[in-house]
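Peer 1: Fold the following, please.
(2 chains)
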Amino acid sequence: MTLRLTNTLTRRVEEFRPLEPGKVSIYCCGVTVYDLCHLGHARSYIAWDVLRRYLIWSGYAVTFVQNYTDIDDKILNRAAEEGSSMEAVSERNIDAFVADMARLNILPADRMPRATRSLDAIRALIGELEAKGAAYSADGDVYFAVMKHAGYGKLSGRDLEQQQDNAAGRVATEEEARKQHPFDFALWKGTKPGEPSFPSPWGAGRPGWHIECSAMVREELGNTIDIHLGGADLVFPHHENEIAQSEAATGQELARYWLHNGMVNVGGQKMSKSLGNFTTIRALLDSGVSPMTLRLFTLQAHYRKPLDFTAEALEAAATGWKGLNAALSLVASASATATATPPAQLSPELAATRARFAAAMDDDLNTSAALAVLFELAKPLRSLANRLERGDTAAAAEATSPALAAQGQLLLELAGVLGLQPETFDAAQASESGPNDAEIEAQIAARQAAKATRNFAEADAIRAALQAQGIELIDKPGGLTEWLRS
RNA sequence: GGCGGCAUGGCCAAGUGGUAAGGCAGAGGAUUGCAAAUCCUUUACCCCCAGUUCGAAUCUGGGUGCCGCCUCCA
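Peer 2: Numbers count the residues shown, from 1 in each chain, chains lettered A, B, ... in the order given. From the prediction side, this is the model:
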C-alpha cells in the first residue's frame, strides 16, 4: 500500500508520488501573528504534524516549511490599539505560537520564513509578474490581473463570471476603483501615513498577503513542491491566488498535492477570531485540559471533516486519553527499568497490527481507524498496569514477558506517529495553588484514622473536602490511599 | 446566485457493494464500609422516497436538513 491523499486540486483521492523518490517538500500556510492561536489552528497544525510524522515514519526525508505573516492590517491595528509597534506585536505572538505548538508536541518546522524577511524575494516575484504583463500598477498599488491568467479558479473550481462580486461585503470601495477586475488582488500596497513601509520599484509600501506565500515557497523550496497545506478556508482566494502568481511567474506547477483541513466549529459555526467564538490553545491547556487530550480529540475525526468543539466531546477525549496514557506510561516506565526486552522481530500478530495501522494511515490519514488500533494494543497493557497496582503477583510475572514488551514497544512507536506520548502529571505546576503534599497526606491520615473507627461520615467528609480542592483519592487494597490532582 | 462538503446508536466518530471499528456515556457483574478508580460483559439495521443488484449505510435519481467558501481567516 502506498499513501493516498485527497488532493483539492483534482477533488480526488490520489496515490502520493513525490517529485524526487524518498524526499518530500511541504509548505504549510502559517498564521498571521496578530493574536494568540485558537483551537482551529491547533486542529490544523496537529493534522499536518501527523502527516509529517507519518511520512518520516514511512522513510521519507521531509522538508517542512511554514511561514509567519508578520505584516498585515490586523497586526497594524493591534499595534495602534495598544500603542506599540508592528514588530512588538509580531514578536510576542511568534513567541506564543512557538510555545503553544511545543506544548501540543507539534514538531517545529524545518524553516519558518517571515514576510518581513523575505522582501527581496517578494519584490523580485512582483517584478517578474509585471514584466510578463500579469500585473499592473495603479496609484502606488500593484495588482495581479486575474483575467490574464488562464486557469484562474482551477483549485477552487470557480468561474469568475458566476461569482457574486463582493459577496461578503468587505471590500473597500476606493481600492475597488483602482482594479481592472473585481477579483484582481494586491501584490503591493502603497504606503499609508503612520504605517511601516518598505522601498520598492513601485514606491514605498508593503506586500499583499498572497504574494508572501508564493515568494517564500519559491525561495525556500523551489518552483514546484510536493505538498501544500492549509485550512479549507484558504482555498479561495488565498491558495487560488498563490497558484496564479507562482504559475504565471514560473510557468511551472506550484504544488502537486493540495491538502486542506476542515474547520473547528462551535455550535455549528466556524470558530474564528472575527466571530469571537474562539478558545485559545493556551486558555484551554491552562484550564487543565492536557495537550494529549486535545490531540486525541482532533485525531478522532478525519482531518478534512468539520470538527465540532463541545465540552462533552472534549471530556470524552480526556477519559479516552487517560486509558491510553495508562498503557503508554506503563511501557515508558518499563522501558526505563528494562524489565523485559522485546524480541528483535515482531510476531506475526503484531506485524499484522502494525500493517493495519499503516493501512489506515495510508487511506488519506484515517487517524480515527489508526486510533482504534492503538486502543486495541493498549487494552491488555492497561489491564496489566491496573493489576500491577493492586499488587497482583501473577501480573508482575506477566510484566516481564517479552511478548508483552513487544506489544508495548509497538504501541509506543505507533502512538508516536500520531504525536501521542506518555504524559505524567506535573506536580510542580499544580501545587502552585491548593494544598501542598504534606497537607494532603495529613488529611489522608486523618481519614484513615476515621475509617479505622468506622466513622465513615467523617472519612467521607474529608474525601469530599479534598475533592472540592481538586484532589482525587483512590483507595487501594490493603488500606492504602493514593491521590492525584485532577 | 455560484462552487465545495456533510447527514451512521444518548454524544463523538470509522466504514464506498456482502451483512455496522473505536472512544465516551449508559446498563449488569467483580471489587469497595459507601464511593471513586480499575477490570469483565453488554447496547445501532446507518435523514427520507424511488431505483440498480442475488445482496446497499456504501451505487444512481429525487427530496429534506446542516456547514464552509465567493477578496479577515487554520
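
Peer 1: where in chain A is pLDDT low?
Peer 2: A:1, A:164-173, A:336-340, A:390-391, A:425-434, A:477, A:486 (pLDDT under 70).

Peer 1: count of neighbours near residue A:451?
Peer 2: As a burial measure, residue A:451 scores 17 neighbours (other Cβ atoms under 10 Å). The C-beta positions use only the backbone N, C-alpha and C, and glycine is treated the same way.

Peer 1: How about the contacts made by it?
Peer 2: Residues near residue A:451 by Cβ atoms under 8 Å, 6 or more residues apart in numbering: residue A:459.

Peer 1: repeat for residue A:291
Peer 2: Contacts were defined as Cβ under 8 Å, 6+ apart; by that measure residue A:291 touches A:103, A:104, A:105, A:285, A:423.

Peer 1: Apply 10 Å and report the result again.
Peer 2: By Cβ atoms under 10 Å, 6 or more residues apart in numbering, the residues touching residue A:291 are A:42, A:46, A:100, A:102-106, A:281, A:284-285, A:321, A:419-421, A:423.

Peer 1: got it, and residue A:120?
Peer 2: Contacts of residue A:120 (Cβ under 10 Å, 6+ apart): A:215, A:219.

Peer 1: Check which helix or strand it maps to.
Peer 2: helix A:119-131 (DSSP states H and E).

Peer 1: next helix or strand past that helix?
Peer 2: strand A:135-138.

Peer 1: That next one packs against which elements?
Peer 2: helix A:119-131, strand A:141-144, strand A:185-190, helix A:240-250 (3 or more Cβ pairs under 10 Å, 6 or more residues apart in numbering; DSSP states H and E).

Peer 1: how about these, which one is nearest residue A:53?
Peer 2: Taking Cβ to Cβ, helix A:240-250 is the member of the helices and strands packed on strand A:135-138 nearest to residue A:53, at 25.3 Å.

Peer 1: Would you give the sheet partners of the helix or strand just after the closest one, along with the direction of each?
Peer 2: Per DSSP H and E, the first helix or strand lying C-terminal to helix A:240-250 is strand A:255-261. Strand pairing for strand A:255-261, determined by DSSP bridges: strand A:225-231 (parallel).

Peer 1: roughly how far out does the partner strand sit from the chain middle?
Peer 2: 14 Å (Cα atoms, centre = their mean, to the nearest Å).

Peer 1: Tell me what angle that strand forms with helix A:240-250.
Peer 2: Angle of strand A:225-231 versus helix A:240-250, following axes from the mean of the first three to the mean of the last three Cα atoms, to 10 degrees, is 160 degrees.

Peer 1: How many residues are close by residue A:272?
Peer 2: With other Cβ under 10 Å as criterion, residue A:272 counts 15.

Peer 1: Rebuild the helices and strands packed on strand A:135-138 as JSON lines, extending it with distance to RNA strand B.
Peer 2: Converted to JSON lines, the helices and strands packed on strand A:135-138 look like this (distance: least, Cβ to the nearest atom of the strand, whole Å):
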{"stretch": "helix A:119-131", "distance to RNA strand B": "15"}
{"stretch": "strand A:141-144", "distance to RNA strand B": "9"}
{"stretch": "strand A:185-190", "distance to RNA strand B": "4"}
{"stretch": "helix A:240-250", "distance to RNA strand B": "8"}
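
Peer 1: For the ones you listed, please prepare CSV with the additional fields distance to residue A:67.
Peer 2: Formatted as CSV, these follow (distance: least, Cβ to Cβ, whole Å):
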stretch, distance to residue A:67
helix A:119-131, 12
strand A:141-144, 19
strand A:185-190, 17
helix A:240-250, 11
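
Peer 1: Selection in ChimeraX covering whichever of the contacts of residue A:291 are buried, please.
Peer 2: Remark: buried members of the contacts of residue A:291, expressed as a ChimeraX selection using 16 or more other Cβ atoms under 10 Å:
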select /A:42,46,100,103,104,105,106,281,284,285,321,419,420,421,423
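
Peer 1: Can you give the domain ranges for chain A?
Peer 2: For chain A, automatic domain parsing gives the domain ranges A:4-270, A:323-417, A:427-485.

Peer 1: closest one to residue A:310 among those?
Peer 2: Judging these by Cβ to Cβ, what sits closest to residue A:310 is domain A:4-270, at 8.1 Å.

Peer 1: Just give me the longest helix of chain A.
Peer 2: helix A:311-337 (DSSP state H).

Peer 1: residues near residue A:415, how many?
Peer 2: Neighbourhood size, residue A:415 [other Cβ under 10 Å]: 23.

Peer 1: Next, work out how far apart it and residue A:320 are.
Peer 2: Counting by Cβ to Cβ, to the nearest Å, the gap from residue A:415 to residue A:320 is 13 Å.

Peer 1: can you pull the contacts of residue A:140?
Peer 2: Residue A:140 touches A:178, A:188, A:189, A:190, A:191, A:192, A:200, A:202, A:203, A:204, A:205, counting by Cβ under 10 Å, 6+ apart.

Peer 1: What does the closest residue to residue A:111 other than its chain neighbours show for phi and psi?
Peer 2: Spatial nearest neighbour of residue A:111, chain neighbours left out: residue A:65 (5.0 Å); criterion: Cβ to Cβ, 6 or more residues apart in numbering. Backbone torsions of residue A:65, given as degrees, to the nearest 10, read phi -120, psi 130.

Peer 1: give me the residue from the stretch 301-450 of chain A nearest RNA strand B.
Peer 2: Nearest residue of the stretch 301-450 of chain A to RNA strand B (Cβ to the nearest atom of the strand) works out as residue A:320 at 2.5 Å.

Peer 1: Number of residues surrounding that residue?
Peer 2: Count around residue A:320 with other Cβ under 10 Å applied: 16.

Peer 1: Kindly report the same for residue A:473.
Peer 2: 18.

Peer 1: what about it, which SS state?
Peer 2: strand (DSSP: H, G, I helix; E, B strand; the rest coil).
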